[in-house]
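Trainee: coordinates for the following, if possible.
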Amino acid sequence: MTASAEKAQPEIRVLIADDSAVMRTALSRMIESSPTVRVCGTARNGLETVEKIKLLKPDVVTLDIRMPVLDGIEALKRIMGECPCPVIMVSSLTTDGAEITVEALSAGAFDCLSKEDLQGNSDMLQLQRNLLEKIEAAAQSVLISPIRLRASVALREKSQVVPRIAIIGTSTGGPKALQAIIPKLPEDLPIPVLVVQHMPRGFTAPLAKRLNGLSKVKVCEASHGEQLKSGTVYVAPAGQQTTLYSSGSQTCVCLSDTPNDTTHKPSVDVTMSSVAVVFARYVLGIILTGMGSDGARGMRAIQDAGGITVGQDEATCAVYGMPRTCADNGILQRVVPLDEVASVILEAIHYHARQ
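Mentor: Below you'll find the model as predicted:
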């Protein structure tokens, strides 16, 4: 390949929308550190953002939640309706900011960033890598054709084991995916469900609150020492590791800062591996849309214990990373589109609606 051909690699063009000049500068510096990503423009309010998207046609937009004239959520709705493109929300960790961000993710935003992390004393090189990974994944997501075969793929003979717990692991695209699953579960679901969703600290409680308002089952953020109950969905808190332990005849939640050598807290691998130890073969493990490979080790642990392993298909994933790793390593028993995941849960536990 010639040098000119290598230079022909298309750049990812990013529009930064934020009313803070400091934040626009910080994001610009991180983005421009990549040889394949560049800032094509900036905007200072929501209305200007919509106008510049139409003019500049960026590949990805970073969008502040709080802006004058038209705020982030209203701008997002305009973008999705008038000039759709991948949007990464930039939000504060206030309760209100986190709730609006969860609403944005459920409305179609690709992913989110914590403004406090960007402005704080965190590892800036790691934040820069995370930002660029999100931008690159967002840019690639629009290349996936929505017209694909959407059929359930049975990879192995169905398990005869009836699970006593379901655990779902997900990352990018997860809030919207969970919104397509949890509200379909019945109030009298005879097992608990544990959800591990990669999000910044402070965002999982609003996610649980939103899902609870949409669902028949109870949805809550898991708390330390809490006993798992049937008919309840527990969202693992961001910023901590979530594992399970037996206490007499009960199974309880343990929240901890360790292990601290994982890329994500909570780690899907850590939680799934713990669930496999406590419940052995009576586990239904589900891996959904997300970047990276977190969950592959945990799903393997469930498989090795004799449990059931299910993955979301490529056609319905915002990012086919976590499920792909599991599929490529032969960990999945079934691959299904997003709109079949709830049915798979009910089918696995032999659920029959009360008459």
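Trainee: need the longest helix for the protein.
Mentor: Using DSSP state H, we find that the single longest helix of the chain is helix 124-141.
Trainee: okay, buried residues for it please.
Mentor: Neighbour-count burial for helix 124-141, with 16 or more other CB atoms under 10 Å as criterion, is recorded at L127, Q128, N130, L131, L132, K134, I135, E136, A137, A138, A139, S141. (C-beta placed from N, C-alpha, C; glycine too.)
Trainee: what do you get for stretch 24-44?
Mentor: Buried residues in stretch 24-44 (16+ other CB under 10 Å): 24, 26-28, 30-31, 34, 37, 39-44.
Trainee: quick one: those as CSV, columns for distance to L105 and secondary structure too.
Mentor: Output for the buried residues of stretch 24-44, formatted as CSV (distance: CB to CB, whole Å; DSSP: H, G, I helix; E, B strand; the rest coil):
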residue, distance to L105, secondary structure
R24, 22, helix
A26, 22, helix
L27, 19, helix
S28, 24, helix
M30, 21, helix
I31, 21, helix
S34, 24, coil
V37, 22, strand
V39, 23, strand
C40, 24, strand
G41, 24, strand
T42, 23, strand
A43, 21, strand
R44, 23, coil
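Trainee: Q227 versus the residue nearest the centre of the chain, what's the distance?
Mentor: For the chain, S171 is the residue whose C-alpha lies nearest the centre (CA atoms, centre = their mean; 2.5 Å). Per CB to CB, to the nearest Å, S171 is found 28 Å from Q227.
Trainee: got it, and V335?
Mentor: Using CB to CB, V335 is found at 33 Å from Q227.
Trainee: between the two, which has more neighbouring residues?
Mentor: Counted by other CB atoms under 10 Å, V335 and Q227 do not tie: V335 has more neighbours, with 21 against 13.
Trainee: tell me if the more buried one really is in a strand.
Mentor: Yes. Remark: V335 belongs to a strand, assigned using DSSP: H, G, I helix; E, B strand; the rest coil.
Trainee: quick check: bridge partners of it?
Mentor: Using DSSP bridges, the bridge partners assigned to V335 are V153, G311.
Trainee: quick one: it and A327 touch, right?
Mentor: Yes. Between V335 and A327 there is a contact at 6.4 Å, judged by CB atoms under 8 Å.
Trainee: residues that sit against both of those two, list them.
Mentor: G311 (CB atoms under 8 Å, 6 or more residues apart in numbering).
Trainee: low-scoring stretches of the protein, by residue?
Mentor: Residues of the chain meeting the criterion pLDDT under 70: 1-9, 93-95, 117-123, 142-160, 353-355.
Trainee: tell me where the chain has helices.
Mentor: 3-7, 21-32, 46-56, 72-82, 95-106, 115-119, 124-141, 174-179, 204-214, 268-279, 296-304, 322-328, 341-348.
Trainee: let me have those helices in a markdown table, extended by distance to P190.
Mentor: Listed next are those as a markdown table, based on distance: least, CB to CB, whole Å:
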| stretch | distance to P190 |
| --- | --- |
| helix 3-7 | 57 |
| helix 21-32 | 47 |
| helix 46-56 | 46 |
| helix 72-82 | 37 |
| helix 95-106 | 27 |
| helix 115-119 | 40 |
| helix 124-141 | 36 |
| helix 174-179 | 20 |
| helix 204-214 | 19 |
| helix 268-279 | 14 |
| helix 296-304 | 19 |
| helix 322-328 | 26 |
| helix 341-348 | 10 |
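Trainee: between those, which one is closest to L185.
Mentor: Checking those against L185 by CB to CB gives helix 341-348 as the closest, at 6.1 Å.
Trainee: so what are the domain limits for the chain?
Mentor: Per the record, the chain has its domains at 11-141, 153-348, by automatic domain parsing.
Trainee: distance between the ends of stretch 320-334?
Mentor: 15 Å (CA to CA, to the nearest Å).
Trainee: for it, buried residues please.
Mentor: The neighbour-count check on stretch 320-334 (16+ other CB under 10 Å) flags Y320, G321, M322, P323, R324, T325, C326, A327, I331, L332, Q333, R334 as buried.
Trainee: one more: stretch 87-107?
Mentor: Applying a neighbour-count criterion of 16+ other CB under 10 Å, one finds 87-92, 97-106 buried in stretch 87-107.
Trainee: strands of the stretch 151-300 of the chain, start to end?
Mentor: Using DSSP state E, counting those that start in this stretch, the strands of the stretch 151-300 of the chain run over 153-154, 165-170, 193-197, 218-221, 232-235, 241-247, 250-256, 283-287.
Trainee: now these in CSV, with mean neighbour count and distance to V277?
Mentor: Converted to CSV, those look like this (neighbours: other CB atoms under 10 Å; distance: least, CB to CB, whole Å):
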stretch, mean neighbour count, distance to V277
strand 153-154, 12, 28
strand 165-170, 28, 12
strand 193-197, 27, 14
strand 218-221, 18, 23
strand 232-235, 24, 17
strand 241-247, 18, 8
strand 250-256, 16, 11
strand 283-287, 29, 10
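Trainee: now for the ones you listed, which one comes closest to R210?
Mentor: Proximity to R210 (CB to CB) singles out strand 218-221 among the strands of the stretch 151-300 of the chain, at 8.5 Å.
Trainee: close enough to count as contact, S92 and L113?
Mentor: No. Using CB under 8 Å, S92 is not in contact with L113, being 10.7 Å away.
Trainee: pull the number of nearby residues for the nearest residue to P68 once chain neighbours are set aside.
Mentor: Once flanking residues are discounted, P68 sits nearest to N45: 4.8 Å by CB to CB, 6 or more residues apart in numbering. N45 has 18 neighbours, counted by other CB under 10 Å.
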